[in-house]
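**Q** Pasted the sequence and its predicted model underneath.
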Amino acid sequence: MSDEAKRWNESAKTGQIGSKLREHDGHLALFEHFPIRRTWHNSEWWYSIIDCMAPLAGTPNPRRYWSDMKKRMLKEENIEVYALGVHLISLPDKRGVMQPTDCGNAEILLRLIQSVKSPNAEPFKTWLARVGAMVMDVGEERTLRQQYRERLDQSDRELHELVEYHGVVTPDEHDQLNDANYAGLYAVACEMDLLRRRPGTLPGDLPTTMGSLELAANMFQRELTASQIQRENIQGIDPITDVARGAGTDIRRFLKERGEQMPEDMPRYPPLPPGEWMPANHPSRIQWNEPAEEIERSSIPIIETNKHE
């Protein structure tokens, strides 16, 4: 079986692990194509060290590598990893069963990387800094994020539908409006400027890692823009983008006056999967012939045949 086929068959299991992690304040993060389990513990992220060893050591058996590494560090460096701060924390295994797992926070992982001497060390450090900046959506925050994400999507779509009747018709003009929606609120020129500040996020995906307050600020910006366009019957792309930037600037000023964080500095959260916020009748939602839960319940086998037979 090819590596591609193996990854496909493992994808359903990975999804099950991710669902189990979310039930226990956890999250499945990806470094390149390596899934890494992590959990929110003592107000910070703790990562499965075994999962981290797979990309760092480039080994097909990261569990064995970590076991040998613990012995080597004790013998060669006189370092006992549990004295270093490694914790045993319960995480779901491939079967979804909770098992005690060696975990480390960002500080511990950075120390362990020195003993691995990995060619992936620098990319991994960059990745760790990025995903470590996210915070866990504990309590009702995740529910609020789901609700506000759906409302923002609706407000955004309604705004773009509205401006069709006010002289904004081409895809390029709609892109200009999208840039203007972010420009005033975040003090940037366009969406791409904000994406550069949030590496790892794709165009159009900025709301997936926003918290409830940031989502609400964006939703309010869309609603204020739409309201003024309708009230004053504003026509044309330039006047409309001016309104969008002005609405964002006003909200930004209001946040500053109240002592709130600026939108670009607000905390980021683990991405919200579309299935958690996207309504069934959403135009972008794929309608499968089978229920989603049936698809997620088991992996889809790939059978490779010999073409010469």
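**A** Yep, that arrived.
**Q** Can you show me the helices along the stretch 1-150 of the chain?
**A** For the stretch 1-150 of the chain, the helices defined by DSSP state H, counting those that start in this stretch occupy 3-23, 49-57, 62-76, 81-84, 106-116, 121-132, 141-163.
**Q** worst average pLDDT in these?
**A** Among those, helix 3-23 carries the lowest mean pLDDT, a mean of 55.
**Q** that older thread, could you dump the helices of the stretch 1-150 of the chain into JSON lines with mean neighbour count and distance to H174 added?
**A** C-beta: built from backbone N, CA, C; applies to glycine. Listed next are those as JSON lines, based on neighbours: other C-beta atoms under 10 Å; distance: least, C-beta to C-beta, whole Å:
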{"stretch": "helix 3-23", "mean neighbour count": "15", "distance to H174": "33"}
{"stretch": "helix 49-57", "mean neighbour count": "22", "distance to H174": "39"}
{"stretch": "helix 62-76", "mean neighbour count": "15", "distance to H174": "46"}
{"stretch": "helix 81-84", "mean neighbour count": "13", "distance to H174": "53"}
{"stretch": "helix 106-116", "mean neighbour count": "17", "distance to H174": "40"}
{"stretch": "helix 121-132", "mean neighbour count": "16", "distance to H174": "29"}
{"stretch": "helix 141-163", "mean neighbour count": "18", "distance to H174": "6"}
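**Q** mind checking which of these is nearest Q235?
**A** Each of the helices of the stretch 1-150 of the chain was scored for nearness to Q235 using C-beta to C-beta, and the closest is helix 141-163 (9.5 Å).
**Q** gap between the closest one and the chain center?
**A** 18 Å (C-alpha atoms, centre = their mean, to the nearest Å).
**Q** Alpha carbons of that helix, as CSV, please.
**A** This file holds the C-alpha atoms of helix 141-163, laid out as CSV (Å, rounded to 0.1, in the frame of the first residue of the first chain):
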residue,chain,number,x,y,z
GLU,A,141,-16.6,30.7,24.4
ARG,A,142,-16.8,28.0,21.8
THR,A,143,-20.6,28.1,21.7
LEU,A,144,-20.4,31.9,21.2
ARG,A,145,-17.8,31.5,18.5
GLN,A,146,-20.0,29.1,16.7
GLN,A,147,-23.0,31.4,16.9
TYR,A,148,-21.1,34.6,15.9
ARG,A,149,-19.2,32.8,13.1
GLU,A,150,-22.5,31.9,11.5
ARG,A,151,-23.9,35.4,12.0
LEU,A,152,-20.8,37.0,10.5
ASP,A,153,-21.0,34.8,7.5
GLN,A,154,-24.6,35.7,7.0
SER,A,155,-23.9,39.5,7.4
ASP,A,156,-21.0,39.2,5.0
ARG,A,157,-23.0,37.4,2.3
GLU,A,158,-25.9,39.9,2.7
LEU,A,159,-23.6,42.8,2.4
HIS,A,160,-22.2,41.5,-0.9
GLU,A,161,-25.7,40.8,-2.2
LEU,A,162,-26.8,44.3,-1.3
VAL,A,163,-24.0,46.1,-3.1
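**Q** which helices and strands does it pack with?
**A** Here helix 141-163 touches helix 171-186, helix 212-232, helix 274-277, going by 3 or more C-beta pairs under 8 Å, 6 or more residues apart in numbering; DSSP states H and E.
**Q** which residues touch it?
**A** Contacts of helix 141-163 from elsewhere in the structure, counted by C-beta atoms under 8 Å, 6 or more residues apart in numbering, are 137, 168, 174, 177, 181, 207-208, 210-212, 215-216, 218-219, 222-223, 225-226, 229-230, 240, 269, 272, 276-279, 282.
**Q** ChimeraX command to pick out the buried ones of those?
**A** The buried residues among the contacts of helix 141-163 can be selected in ChimeraX (16 or more other C-beta atoms under 10 Å) with this line:
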select :137,168,174,177,181,207,208,210,211,212,215,216,218,219,222,223,225,226,229,240,269,272,277,278
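**Q** In a markdown table: the helices and strands packed on helix 141-163, plus distance to I17.
**A** Shown next, in a markdown table, are those (distance: least, C-beta to C-beta, whole Å):
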| stretch | distance to I17 |
| --- | --- |
| helix 171-186 | 34 |
| helix 212-232 | 26 |
| helix 274-277 | 16 |
